[in-house]
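1. Build me a structure from this.
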Amino acid sequence: MFEQYLPLMLVGLFIAYRIYKSKKAKALLANLNPNDIQLVDVRTESEFAAISAPNSLNIPVQSLMTGNTKSLDKNKTLVVYCASGMRSGSAVMWLKKQGYNAINVGTVGAVIKHLNP
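-> All right, here's what the predicted structure looks like:
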């Protein structure tokens, strides 16, 4: 009986999750001093070229995890993002193991929308 409502329920859960993630990113970004952070976009170069947050550094996640960290500042909080939050989540776990202070704020859209200039 309720099987007919399952697709609608799944869509509702997905929307609720997206709203939650956006609010979480907003809260994280609101508490950061722009002078104390470094924006790191771990999407591909072509994704970065299409849209990116101002003053972001593009290091694709595959390149990052093979040791491409020369441009990263260990004295700043790395604000890491991608298209969905999955690659940035993996990147943040790896960066923390390397001694960086890094946070995953999810998506490029969240960074553009919520980062205080």
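2. Now do stretch 89-106: everything it contacts.
-> Residues outside stretch 89-106 that contact it (C-beta atoms under 8 Å, 6 or more residues apart in numbering): 21-22, 24-25, 28-29, 40, 42, 61, 64-65, 69, 72, 74, 76-82, 84-85, 88, 111. No exception for glycine: its C-beta is placed from N, CA and C like everyone else's.
3. Show me which positions of stretch 92-111 end up buried.
-> 92, 94-95, 100, 102-108, 110-111 (16 or more other C-beta atoms under 10 Å).
4. Below-threshold pLDDT in the protein: ranges please.
-> Applying pLDDT under 70 to the chain flags residues 1, 14, 17-18, 20-22, 25, 116-117.
5. which helix is the longest one in this structure?
-> helix 6-30 (DSSP state H).
6. For the closest residue to residue 83 other than its chain neighbours, grab the count of nearby residues.
-> Of all residues not flanking residue 83 in the chain, residue 43 sits nearest, at 5.7 Å (C-beta to C-beta, 6 or more residues apart in numbering). Residues lying near residue 43 (other C-beta atoms under 10 Å) number 24.
7. Can you tell me the element the residue nearest the centre of the chain falls in?
-> Centroid-nearest residue in the chain: residue 81, 2.0 Å away (criterion: C-alpha atoms, centre = their mean). In the assignment (DSSP states H and E), residue 81 maps to strand 77-82.
8. Give the other helices and strands that that strand contacts.
-> strand 37-41, helix 86-97, strand 102-107, helix 108-114 (3 or more C-beta pairs under 8 Å, 6 or more residues apart in numbering; DSSP states H and E).
9. Can you say which of the ones you listed is nearest to residue 16?
-> Proximity to residue 16 (C-beta to C-beta) singles out strand 102-107 among the helices and strands packed on strand 77-82, at 15.0 Å.
10. So what's the gap between the closest one and the chain middle?
-> 3 Å (C-alpha atoms, centre = their mean, to the nearest Å).
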